[in-house]
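> All I have is the shape, not the residue letters:
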């Protein structure tokens, strides 16, 4: 541009042409600067927010959290108990601490986690739930905050442990430096601390609705409206289904749930309810089909749990 402008001036062009060229050059430079600076400003404004984590237990339950009573702890992870005996917590319901996608649901033979679930919450945030007795979600499922995902257990390939939930929040990679504090626990004080769950999208524990001896065995998300949960009583060989609304529990809406055991008549419950449909219980020594709905969102399982 500068060489071209020099030739134009040398050819006797007028001062008006020179001024026009310089104005165009200035405008182009200003435009380029705006394009370069624009994305940086947008990226700064769109910085991701930390998920709003809740305790991984039903609403208003009190649990004793401890960060220092295990030699396996290397950071901000917590162990949770609440029972009056060493085995009292086995089978208690575990909830998703925030909404996200199930990244792992497996039994680990290469670590002490036993049955464990990992949920990804976006932007590198993950939660870990270890030593579970049952796993109620599969890899790839989308889950909502407050959705039942399993039950407390004592599974581990490396240690003989008593039932408890080992819970972690991580951000990014590089364990254990990627461990993050669990909200509500005072790490400076350490030791046993009683925490109350505010994971209250639903106020109901589906296993308790079904009755004594039932544990969460499977669950499916019903859009943003709620979840349908299948529980199991191994002693009685009974299944029980409950559909829970996760929010809008101050108003009635169409809610339903059902179970159909293989070779037997099915049972169902539906209506305009505030909080849940069910519980529906059936004797199910073999396969079952189950499901539920809230408004227009529904889930219908294949024949499974044979």
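Noted; the coordinates are in hand. In this text, all values refer to a predicted model and were calculated from it rather than measured experimentally. Numbers count the residues shown, from 1 in each chain.

> Quick check: residue 124 vs residue 179, distance?
13 Å (Cβ to Cβ, to the nearest Å). (Glycine included, C-beta is placed from N, CA and C.)

> Between these two, which has more neighbouring residues?
Under the neighbour definition other Cβ atoms under 10 Å, residue 124 and residue 179 were set side by side, and residue 179 has more, 18 against 12.

> was I right about the more buried one contacting residue 73?
No. Under the criterion of Cβ atoms under 8 Å, residue 179 is not in contact with residue 73, lying 9.4 Å apart.

> Figure out the helix or strand that residue 102 lives in.
For residue 102, the host element (DSSP states H and E) is strand 100-108.

> tell me, how many neighbours does the residue lying closest to residue 74 once chain neighbours are set aside end up with?
Leaving aside its sequence neighbours, residue 74 sits nearest to residue 176 (Cβ to Cβ, 6 or more residues apart in numbering; 4.3 Å). Residue 176: 12 surrounding residues under other Cβ under 10 Å.

> Okay, and the beta partners of residue 238?
Counting by DSSP bridges, residue 238 forms beta bridges with residue 233, residue 283.

> Pull the number of nearby residues for it.
With other Cβ under 10 Å as criterion, residue 238 counts 20.

> can you pull the pLDDT of it?
Residue 238 carries a pLDDT score of 96 in this model.

> Next: the one 5 residues further on.
Predicted confidence (pLDDT) at residue 243: the value is 98.

> give me every residue that touches it.
Residue 243 makes contact with 222, 226-229, 255-257, 276-278, 292-294, according to Cβ atoms under 8 Å, 6 or more residues apart in numbering.

> 7 Å instead, please
Contact analysis of residue 243 by Cβ atoms under 7 Å, 6 or more residues apart in numbering lists 226, 228, 255-257, 276-278, 292, 294.

> How about residue 260?
Residue 260 neighbours (Cβ under 7 Å, 6+ apart): 266, 288-289.

> separation between residue 204 and residue 188?
Counting by Cβ to Cβ, the gap from residue 204 to residue 188 is 35 Å.

> Compare the two (neighbour count), which wins?
Shown here are residue 204 and residue 188; by other Cβ under 10 Å, residue 204 has more neighbours (17 against 5).

> Would you agree that one is in contact with residue 274?
No. Between residue 204 and residue 274 there is no contact under Cβ atoms under 7 Å: 10.6 Å.

> for the stretch 1-150 of the chain, what spans make up the strands?
If DSSP state E, counting those that start in this stretch is used as the criterion, the strands of the stretch 1-150 of the chain fall at 62-66, 78-81, 93-95, 100-108, 114-122, 125-130, 134-135, 142-143, 148-151.

> Relative to residue 159, which of these is closest?
For residue 159, the closest of the strands of the stretch 1-150 of the chain is strand 114-122, at 9.0 Å, according to Cβ to Cβ.

> Okay, buried residues for that closest one please.
Using 16 or more other Cβ atoms under 10 Å as the burial criterion, the residues of strand 114-122 that qualify are 114-119, 121.

> name the helices or strands packed onto it?
Identification of packing neighbours for strand 114-122 by 3 or more Cβ pairs under 7 Å, 6 or more residues apart in numbering; DSSP states H and E yields strand 100-108, strand 125-130.

> what's in contact with it?
By Cβ under 7 Å, 6+ apart, strand 114-122 touches 51, 96, 98, 100-105, 107-108, 126-133, 135, 137, 143, 149-150, 153, 155-157.

> same question, stretch 292-299
Against stretch 292-299 from outside (Cβ under 7 Å, 6+ apart): 220, 222-223, 225-226, 228, 241, 243, 245, 253-257, 277, 291.

> Check these for burial and list the buried ones.
Buried members of the contacts of stretch 292-299, scored by 16+ other Cβ under 10 Å, are 220, 222, 225-226, 228, 241, 243, 245, 255-257, 277, 291.

> Tabulate those residues (a markdown table), appending distance to residue 183 and secondary structure.
Formatted as a markdown table, those follow (distance: Cβ to Cβ, whole Å; DSSP: H, G, I helix; E, B strand; the rest coil):
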| residue | distance to residue 183 | secondary structure |
| --- | --- | --- |
| 220 | 27 | strand |
| 222 | 27 | strand |
| 225 | 26 | coil |
| 226 | 24 | strand |
| 228 | 28 | strand |
| 241 | 32 | strand |
| 243 | 29 | strand |
| 245 | 25 | strand |
| 255 | 31 | strand |
| 256 | 35 | strand |
| 257 | 32 | strand |
| 277 | 32 | strand |
| 291 | 34 | strand |
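
> Between these, which sits nearest residue 211?
Nearest to residue 211 among those, counting by Cβ to Cβ, is residue 241 at 12.8 Å.

> wait, the closest one sits on residue 255?
No. Contact criterion Cβ under 7 Å: residue 241 and residue 255 do not qualify, at 11.9 Å.
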